[in-house]
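> sequence first, predicted coordinates after that:
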Amino acid sequence: MSRARLFLENFLVYGFISVLDKVIPMLLLPVITRLLSDPADFGIYDMYNVIVGFGTPLAVMGMYDAMFREYFERDDHQYRYDVTATANRIVVVVSVCLAMVLILFSSPLSKLFFGSAGHGKITVLAAVGIFVSSNRTIIAAPTRIQNKRKVYVGSGVLSSLSYYVLAIAMILLGYSYYGMIYGHLFSVLLLLAFFWVLNREFFIRGTFNKQIALELAKIGLPLVPVFIIYWIYNSMDRIMIASMLGLSHVGIYAVGTKLASISSLIYAAFAGGWSYFAFSTMKDEGQVALNSKVFEYLGIVSFTSLVGIYPFLTPVFNLIFPGTYSGATFVVPYLYLSPLLLALFQVVSSQFLVIKKSYWSTITLTFGAVSNVLLNWWLIPLLGIEGAAIATAIGYALSVIAVCLVATRHGLHRASKRFWFSSLVLVVYLVLNRRVFVGSVWHQLCMSSGVLAVYAYMYIHELRLLYAKSRSLISGSKRK
């Protein structure tokens, strides 16, 4: 199979899985928000996810990626079983220890995350969620290692449907946000059982091996700071909103995040096929130019998609969500853009993995994360939840700029003036629409049409090539 075909297939398959994982929650989100009329209830559930999102990567300790890498070190079935079994044992022990810490310190942690000690039970449930989620990650890994993509499609649908069916049923029975938490725990347990039945031989036939454990630690532990940085990007805004504004604002912000997550479909599809493509072409002639082109084209597609949907965000939001959540519409553009900026970062940062200087990725990502936290302190009191969304987008943008500058200095990346100009156009577009044309769909449509025309003119050569290629493919299929 050619590299391009494998990349495209992974892109489409994992993109489809991501669509299923995101579409079902998005379709049912209006139902949830109407059942949970108080945004504070949704905010409590979102903070539960924040705790689980922090604890799970810590419990996994990079073992997922390390196991993936070490599994292919030898073409020896027993060695591979020992790798998966060793990783599993490590994660079980660490996840139990971490869950015990959360249970023992549930009251002070409740005050940290929720602003009061009265949500200790939620912290205890989050401890259970961390244990289940981290072990499900490892037990599901052999399916991903074997590239059983159809199984992932089925398991994704199973998880999403079971979660929302149970959550809605329990909310209707009066469990409020607890219904969503119990639904989450049940769906993860269901996946854990499913993948255990499917992959149990990988963990039963192997034994714990100290030497393998050391190798896994060498690969996995350096990745933990990166996961923490990602968590800072995704979660510190919620913690700071809860502290400065209250849980009701966290709930409104969380709904905006859910709607904006449609952009993560593009990111997830990209991530599914990128790793293979990036490393399989790393020794090719013209690799830097190719990587730089991918960066630029992914960037302009991301910008164009945001400009295209922007005028419709407020009308659609007001149509499907109750008025208590209306403030969330203003955070959507910035949170929509953030995962796409992360994808751009990863395109460039993969170059540092090629030359085995991955610390530059951590440094540049940390720069953006620290900027994000500082901007949150400044912008949340000034602009409310919109300030948090702006801080997130700026933080990612600063990471992209920093990684581009460092990579360019090392001769690993070349960003065109055309791309930077298109980025400036997007910034001006967002400022004008928010500050001058806010509430006017007609003016926003005109602005979007103008910007799309500018982008089309700037990339007219690529559009003509794409059009010619499409016609050629259509003509070829007709002849067959």
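Looks like it arrived, so ask away.

> shaky segments in this protein?
Residue ranges of the chain with pLDDT under 70: 1-26, 147, 149-150, 152-153, 265, 267-285, 353-354, 356, 472-480.

> need the contact list for residue 406.
By CB atoms under 8 Å, 6 or more residues apart in numbering, the contact set of residue 406 is 360, 363-364. In this view, the C-beta of every residue, glycine as well, is placed from N, C-alpha and C.

> revised request: answer the last question for residue 384.
Neighbours of residue 384 in contact, by CB under 8 Å, 6+ apart: 245, 249, 327.

> also residue 181?
Residue 181 touches 45, 48, 122, 125, 129, counting by CB under 8 Å, 6+ apart.

> with residue 54 instead?
Applying CB under 8 Å, 6+ apart, we find residue 54 in contact with 228, 231, 235.

> what comes up buried for the helix or strand that residue 319 is a member of?
Counting by DSSP states H and E, the element that carries residue 319 is helix 287-320. By neighbour count on 16 or more other CB atoms under 10 Å, the buried set for helix 287-320 is 288, 291-292, 294-296, 298-307, 309-311, 313-314, 317, 320.

> now swap in stretch 76-84 and tell me
80-84.

> likewise for stretch 62-70?
The neighbour-count check on stretch 62-70 (16+ other CB under 10 Å) flags 62-68, 70 as buried.

> check stretch 374-391 too.
Buried residues in stretch 374-391, counted by 16+ other CB under 10 Å: 375-376, 379-380, 384-391.

> which stretches of the stretch 151-300 of the chain form helices?
177-199, 201-204, 210-220, 224-244, 247-260, 263-280, 287-320 (DSSP state H, counting those that start in this stretch).

> returning to what we had before: among the contacts of residue 384, which ones are buried?
Those of these that meet the buried threshold are 245, 249, 327, by 16+ other CB under 10 Å.

> just send the buried residues of stretch 76-84 back as TSV, with secondary structure too.
Compiled in TSV, these are given as follows (DSSP: H, G, I helix; E, B strand; the rest coil):
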residue	secondary structure
80	helix
81	helix
82	helix
83	helix
84	helix
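
> would you turn those into JSON lines with distance to residue 200?
Shown next, in JSON lines, are the buried residues of stretch 76-84 (distance: CB to CB, whole Å):
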{"residue": "80", "distance to residue 200": "15"}
{"residue": "81", "distance to residue 200": "11"}
{"residue": "82", "distance to residue 200": "15"}
{"residue": "83", "distance to residue 200": "15"}
{"residue": "84", "distance to residue 200": "10"}
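
> looking at those, which one is closest to residue 413?
Taking CB to CB as the measure, residue 413 lies nearest residue 83 of those, at 34.0 Å.

> does the closest one really touch residue 68, like I thought?
No: distance between residue 83 and residue 68: 9.6 Å, which falls outside the contact criterion (CB atoms under 8 Å).

> measure residue 375 to residue 383 for me?
Per CB to CB, to the nearest Å, residue 375 is found 10 Å from residue 383.

> residue 426 now?
For residue 426, the distance to residue 383 - CB to CB - is 19 Å.

> one more: residue 396?
Distance of residue 396 to residue 383, given as CB to CB: 18 Å.
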